[in-house]
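> show me how the following folds:
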Amino acid sequence: MPMSEPYAVVGATGGQGGAVVDALLERGREVRALVRRSSSRSEALRLRGVDIAVADITDRAAIASAVDGCAGVFAMTTPFEDGPEAEIAQGAALVGAFGDSGVPHVVFSSVADADKSTGVPHFETKAVTEALLRESSVSYTIVGPTYFYDNLLGGLDGIRHGRLDLPLPVDTPLQQLSRRDLGRFVALVFDDPDRFAGARVDLASDDPSPRRMAEVLGGVLGTQVHAHSSDADAIASPDMRAMFRFLTDTGYDANIGELRRLYPEVGWQSFAEWAAELA
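From the prediction side, this is the model:
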């Protein structure tokens, strides 16, 4: 395959897409970022040698045009701006566009356990897109991220003041994923798409409990941090409320040992390794 064929990344200015861009650039791949509008973030990507294509992910024709000639596409949808119905519309437009364009392989980022009928709204909307992919003519791989380490960063001020708040029992393990590892796994799929064609792989790097997370963060920050189990029922978002109930009662079930055994080249960053970068 000629190196001049770029890999398209939907959501390239966000956390997941940005990690995929990083991993592809590290491998010397050409990258095309699909963005809804030009911004300082897309300009920063352009300065790194990334081609920028402006296209709304609900516009099937625009997406098909933007991915034309690409070796592969990383795609994701989100319910958190316009709601679940909008996320389903995004998925339908994307899958339709990929079929129209004849792109060789698609990696779709869903969520771990979206195929388990959890009832969590954003798990269910992603399951709809997964079904559309399976029914399409598109060659695909589905990745299911667990909880991202970076989700903690929104509460970093509280952590620095000695308190880690999570709506989970403090000794319940929480499977989590390094964005870096997500990016590297996606790049691995693009290296050998036939190996992963039609596969669905849930991804987790580590599974510390909130109590263990607090101990690690305290060591990194040089202060005592205590884990506190906040009330999931007090969460304003019904979607997030349902997710934390699921994480408390059932939890993700990615096979961390198997991931490390089968895909050692990803590196699988432990929570402690990730947290050390906060120092």
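> mind checking what helix or strand follows the helix or strand encompassing Gly17 in sequence?
If you go by DSSP states H and E, Gly17 is part of helix 15-26. Following the chain from helix 15-26 toward its C-terminal end, the next helix or strand by DSSP H and E is strand 31-35.
> that following strand versus helix 15-26: what angle between them?
Angle, strand 31-35 to helix 15-26, by axes from the mean of the first three to the mean of the last three Cα atoms, to 10 degrees: 160 degrees.
> give me the next element, helix or strand, following strand 31-35.
Counting by DSSP H and E, what follows strand 31-35 is helix 40-47.
> for the helix or strand just after that following helix, name the packing helices and strands.
Of the helices and strands lying after helix 40-47 in sequence (DSSP H and E), the nearest is strand 51-54. Counting contacts by 3 or more Cβ pairs under 8 Å, 6 or more residues apart in numbering; DSSP states H and E, strand 51-54 is packed against strand 31-35, helix 40-47. Every C-beta, even on glycine, is put in place using the N, C-alpha and C of the backbone.
> before we move on, back to that, mind listing residues that contact the helix holding Gly17?
For helix 15-26, the surrounding residues in contact (Cβ atoms under 8 Å, 6 or more residues apart in numbering) are 7, 9-12, 31, 33, 45, 48-50, 74, 76, 109, 145, 148, 150, 179-180, 182-184, 186-187, 190.
> and the lengthiest helix in the chain, what does it pack onto?
The longest helix of the chain (DSSP state H) is helix 84-101. Applying 3+ Cβ pairs under 8 Å, 6+ apart, we find helix 84-101 packed against helix 60-67, strand 72-76, helix 121-135.
> let's have those in TSV, adding mean neighbour count, mean pLDDT and distance to Met243.
Shown next, in TSV, are these (neighbours: other Cβ atoms under 10 Å; pLDDT from 0 to 100; distance: least, Cβ to Cβ, whole Å):
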stretch	mean neighbour count	mean pLDDT	distance to Met243
helix 60-67	21	97	28
strand 72-76	28	98	17
helix 121-135	20	96	7
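> filter the contacts of helix 15-26 down to the buried ones.
7, 9-12, 31, 33, 45, 50, 74, 76, 109, 145, 148, 179-180, 182-184, 186-187, 190 (16 or more other Cβ atoms under 10 Å).
> which residues touch Tyr7?
Leu24, Arg29, Glu30, Val31, Arg32, Cys70, Ala71, Gly72, Val73, Phe74, Phe190.
> that one and Ala236, how far apart?
37 Å (Cβ to Cβ, to the nearest Å).
> how about Gly49?
41 Å.
> Ser39 now?
From Ser39 over to Ala236 (counting by Cβ to Cβ), the distance is 28 Å.
> between the two, which has more neighbouring residues?
With neighbours defined as other Cβ atoms under 10 Å, Ser39 and Ala236 compare such that Ser39 has more, 12 against 6.
> pLDDT score for that one?
Predicted confidence (pLDDT) for Ser39: 93.
> what is the burial count for the spatially closest residue to it that is not a sequence neighbour?
Nearest residue to Ser39 in three dimensions, chain neighbours excluded: Thr13, at 6.5 Å (Cβ to Cβ, 6 or more residues apart in numbering). Using other Cβ under 10 Å, Thr13 has 21 other residues around it.
> can you check the one 3 residues further on too?
A count of neighbours around Gln16, defined by other Cβ under 10 Å, yields 24.
> again, but for the one 4 residues further on
When neighbours are defined as other Cβ under 10 Å, Val20 has 29 of them.
> picking up where we left off before, could I get the helices and strands packed on helix 84-101 as CSV with distance to Leu217?
Listed next are the helices and strands packed on helix 84-101 as CSV, based on distance: least, Cβ to Cβ, whole Å:
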stretch, distance to Leu217
helix 60-67, 40
strand 72-76, 28
helix 121-135, 27
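> ok, which of these comes nearest Ile88?
Smallest distance to Ile88 across these (Cβ to Cβ): 5.1 Å, for helix 121-135.
> what's the closest one packed up against?
Against helix 121-135 (3+ Cβ pairs under 8 Å, 6+ apart) you get helix 84-101, strand 106-109, strand 140-145, helix 238-249.
> just so I know, which of these lies nearest Ala199?
Closest to Ala199 of these is strand 140-145 (Cβ to Cβ; 5.3 Å).
> so what touches stretch 111-126?
Identification of contacts with stretch 111-126 by Cβ under 8 Å, 6+ apart yields 77, 79-80, 84, 87-88, 91, 110, 127, 130, 144-146, 175, 200, 202-204, 238-239, 242-243, 246, 250, 252-254.
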